[in-house]
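**Student:** pasting a predicted model and its sequence here:
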Amino acid sequence: MFLVLPYVCLGLGLVCIVLTLIRTMHMFQLNSYKMNVQWNWLKKNAGKFRAQWMMLPLAGLAFPDSAVCHVVLSVLFLFFIPFLRPPQAKKPLVYTARVRRMLVTAAVLLVILSGVAVWLGEPFNYLLVCLGFALSPFLVLLVNVLNQPLEKAYVRYYINDARKMLKSIPALTVVGITGSYGKTSVKYYLNTLLRARFNVLMTPESYNTTLGVVRTIRENLRPTHEVFICEMGARNVGDIKEICDIVRPKYGVLTAIGEQHLESFKTLENIVKTKFELADSIPADGRVFLNDRIEKRPTQPFATYGVAPDSDYAVGDIRVTRQGTSFNIRTPDGNAEFRTLLIGEHNVVNLAGAIAAAHSLGVPLDELKAQVLKIAPVPHRMQLIENGAMTIIDDAYNSNPNGCRAALKTLGMFDAFKVMITPGMVELGARQEACNCEFGREAAAVCDFVALVGEEQTRPIRRGLLEAGYPEEKIFTAGSFNEAMAKVNSIDSEKRKVVLLENDLPDNY
């Protein structure tokens, strides 16, 4: 029995290391495989790895009886295993080719670790296992560094292959879409509008990174496609230029620019510079469609859209009901009235950007009116859902100050008992606390009840609400979304409830 104990201890230690690896690999994927983002996540979430840190002092202990040592460590590892199992995730780990390659490298490292532990014998075997487990949160970073040469080779191959496919369809028109917010909505809207006349391919869901765009091209582009709508996301300066250098867009839509991803961009100036990388890539015979709230102007030909009266595509007379929205647009070809199932002024402005682009690509206004009626709300982006005795405005996708402001404005248009459920905003760097506090002050002017999800994260929102004179008894702090929704369901109200779901933090938060 005593001969088996070291191997039992080693096996249980390896199980704990593997479980930690899977958890951190999941976060690495959610953090876009960015080393600096993962490192910051590890620092912010150090408390989640208490089990690993506990093994550091144990690794330095010398047990007089090695059998006792192995028993103690085995019991500890067994105790830790249930807590290390991956929790239920909103977006589970996807075992992509890259993840599989990283797991193979990690497996090789663990085999080497096991072999060294067995070869060293006591007491170094348990010391090595303890250290391995204590350092396991950083294993994914080590694996990524080791795989870098291979990953770069794969990326070069995929990008070159995508470029060849695009060149093989010279008549293909590429429309790039970017902005701090609204780009996914505009992409879906424009896809519907252009389908009136063209065979269209768009990047699916939130495939807005370089590799997401490349994957879309390699897997879905066909010679019969006439238009490629390419959403372009960014977290760092140069990200959009990298995509533009591959797809070479003829047209570009800039939806809006605001405070988002400030942790990586650092300044609003860097955000503006990055978003305008799309405008800078548009050729002289193309055009940029620019939200009129963006003050900077491109050197390329452009047209503006929005609520400003002097916009090239000027929106006016917006009327919102539970059934949708009606509005007018003054265009270079005259005025046109539209009806849509979408709600909210910012959704109408985004729709105006799609209308401007589609109209410029040759779709007449009369055809656009019919297509606008076909547009369905994009899931989790101001999506109106009738749910029994309440109406839900699902705006759960990653939020930002301007988006929150627009959502509250829309909520305020309803004659109802107005409720907001939110965990607050993230990825705003040094501005995060101030922005969430201001969010609370703005919510105080609109909401009849506010349910906050997560005590620590939402503390600035609560402070903003109270500073604005909002009654404390109308604020509820929940530990989860389900708890918040249960509280809202329990509230009696003479008026119909309209519940705004503003933001839903991903698993890495």
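**Tutor:** Yep, it's here.

**Student:** got the end-to-end distance for stretch 338-351?
**Tutor:** End-to-end distance of stretch 338-351 (Cα to Cα, to the nearest Å): 10 Å.

**Student:** err, stretch 332-350, not the other one
**Tutor:** Stretch 332-350: ends 18 Å apart by Cα to Cα.

**Student:** report the buried residues of that stretch.
**Tutor:** Buried positions in stretch 332-350, judged by neighbour count with 16 or more other Cβ atoms under 10 Å: 336, 338, 340-350. The way it works is simple: take the backbone N, C-alpha and C, and place the C-beta from them, glycine included.

**Student:** between those, which is closest to G115?
**Tutor:** Proximity of the buried residues of stretch 332-350 to G115 (Cβ to Cβ) peaks at N350, which lies at 57.4 Å.

**Student:** list the contacts of that closest one.
**Tutor:** 182, 185-186, 189, 255 (Cβ atoms under 8 Å, 6 or more residues apart in numbering).

**Student:** how about 10 Å then?
**Tutor:** 179, 181-190, 253, 255-256, 291, 305-306, 342, 344, 378, 381-382 (Cβ atoms under 10 Å, 6 or more residues apart in numbering).

**Student:** now do the SS call for it.
**Tutor:** Following DSSP: H, G, I helix; E, B strand; the rest coil, N350 is assigned to helix.

**Student:** now do it, the pLDDT please.
**Tutor:** We have a pLDDT of 93 for N350.

**Student:** quick one: which of the contacts of N350 sit in strands?
**Tutor:** Among the contacts of N350, the members falling in strands (DSSP state E) are 253, 291, 305-306.

**Student:** let me have those residues in a markdown table, extended by pLDDT and distance to L278.
**Tutor:** Below are the ones in strands among the contacts of N350 laid out as a markdown table (pLDDT from 0 to 100; distance: Cβ to Cβ, whole Å):
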| residue | pLDDT | distance to L278 |
| --- | --- | --- |
| V253 | 97 | 8 |
| N291 | 95 | 13 |
| Y305 | 96 | 16 |
| G306 | 94 | 18 |
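
**Student:** let's have the residues you listed in JSON lines, adding distance to I81 and neighbour count.
**Tutor:** Formatted as JSON lines, those follow (distance: Cβ to Cβ, whole Å; neighbours: other Cβ atoms under 10 Å):
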{"residue": "V253", "distance to I81": "50", "neighbour count": "30"}
{"residue": "N291", "distance to I81": "51", "neighbour count": "24"}
{"residue": "Y305", "distance to I81": "56", "neighbour count": "27"}
{"residue": "G306", "distance to I81": "55", "neighbour count": "25"}
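
**Student:** out of these, name the two that are farthest from one another.
**Tutor:** By the measure Cβ to Cβ, V253 and G306 form the most distant pair in those, at 12.2 Å.

**Student:** closest one of the buried residues of stretch 332-350 to F417?
**Tutor:** Distances from F417 to these, taken by Cβ to Cβ, are shortest for I343, at 17.4 Å.

**Student:** low-confidence stretches in the stretch 101-250 of the chain?
**Tutor:** Along the stretch 101-250 of the chain, segments meeting pLDDT under 70 span 122-125.

**Student:** give me the element the nearest residue to G344 once chain neighbours are set aside is part of.
**Tutor:** Leaving out its chain neighbours, the residue that sits closest to G344 by Cβ to Cβ, 6 or more residues apart in numbering is T410, at 3.9 Å. Take DSSP states H and E as the rule and T410 turns out to sit in helix 401-412.

**Student:** need the overlap of contacts for V253 and G306.
**Tutor:** 290-291, 350, 353, 356.

**Student:** would CSV of those residues with distance to V94 be doable?
**Tutor:** Below are the shared contacts of V253 and G306 laid out as CSV (distance: Cβ to Cβ, whole Å):
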residue, distance to V94
L290, 35
N291, 33
N350, 28
G353, 31
A356, 35
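
**Student:** which of the residues you listed sit farthest apart?
**Tutor:** The most widely separated members of those, counting by Cβ to Cβ, are L290 and N350 (12.9 Å).

**Student:** which residues are common contacts for those two?
**Tutor:** 179, 253, 255-256, 305-306.

**Student:** same list (those) but as a markdown table, adding distance to F476.
**Tutor:** Formatted as a markdown table, the shared contacts of L290 and N350 follow (distance: Cβ to Cβ, whole Å):
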| residue | distance to F476 |
| --- | --- |
| G179 | 34 |
| V253 | 40 |
| T255 | 34 |
| A256 | 32 |
| Y305 | 40 |
| G306 | 36 |
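
**Student:** out of the residues you listed, flag the one nearest to M420.
**Tutor:** A256 (21.6 Å).

**Student:** was I right to think the closest one contacts V349?
**Tutor:** Yes: between A256 and V349 there is a contact under Cβ atoms under 10 Å: 8.1 Å.

**Student:** common neighbours of those two, please.
**Tutor:** Contact criterion Cβ under 10 Å, 6+ apart; residues shared by A256 and V349: 182, 186, 291, 293, 306, 406.

**Student:** can I get the residues you listed in TSV including distance to V72?
**Tutor:** Converted to TSV, the shared contacts of A256 and V349 look like this (distance: Cβ to Cβ, whole Å):
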residue	distance to V72
G182	57
V186	59
N291	63
R293	63
G306	67
A406	57
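
**Student:** before we move on, which element is L93 in?
**Tutor:** Using DSSP H and E, no helix or strand contains L93.

**Student:** now it: closest residue in space, sequence neighbours ignored.
**Tutor:** H26 (4.1 Å).

**Student:** what is the burial count for the one you found?
**Tutor:** Applying other Cβ atoms under 10 Å, we find 21 residues neighbouring H26.

**Student:** any idea which helix or strand carries it?
**Tutor:** Element membership for H26, per DSSP H and E: helix 5-30.

**Student:** quick one: mean pLDDT over that helix.
**Tutor:** The average pLDDT within helix 5-30 is 86.

**Student:** next secondary structure after that helix?
**Tutor:** Heading C-terminal from helix 5-30, the first helix or strand you meet, by DSSP H and E, is helix 35-44.

**Student:** tilt between that next one and helix 5-30?
**Tutor:** 120 degrees (axes from the mean of the first three to the mean of the last three Cα atoms, to 10 degrees).

**Student:** then the helix or strand where L384 lies to CSV, C-alphas only?
**Tutor:** Using DSSP H and E, L384 sits within strand 383-387. Extracted in CSV, the C-alpha atoms of strand 383-387 (Å, rounded to 0.1, in the frame of the first residue of the first chain):
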residue,chain,number,x,y,z
GLN,A,383,-34.5,43.2,-28.1
LEU,A,384,-38.2,43.6,-27.1
ILE,A,385,-39.7,40.5,-25.5
GLU,A,386,-43.3,40.2,-24.2
ASN,A,387,-43.2,37.9,-21.2
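
**Student:** so what touches it?
**Tutor:** Against strand 383-387 from outside (Cβ under 10 Å, 6+ apart): 322-324, 341-344, 347, 376-377, 379, 391-397, 410, 489, 497-499, 501.

**Student:** now do E467 against A443, distance only.
**Tutor:** 12 Å (Cβ to Cβ, to the nearest Å).

**Student:** more neighbours, these two?
**Tutor:** A443 (27 against 13).

**Student:** just checking, that one touches A451?
**Tutor:** No: counting by Cβ under 10 Å, A443 stays clear of A451, with 11.0 Å between them.

**Student:** between these two, which contacts overlap?
**Tutor:** Counting by Cβ under 10 Å, 6+ apart, the shared contacts of A443 and A451 are 420, 422, 475.

**Student:** ok, V213 - contacts?
**Tutor:** 159, 162, 176, 203, 207, 228, 230-233, 242-243, 246-247.

**Student:** the longest helix in this structure is where?
**Tutor:** In the chain, taking DSSP state H as the definition, the longest helix is helix 139-167.
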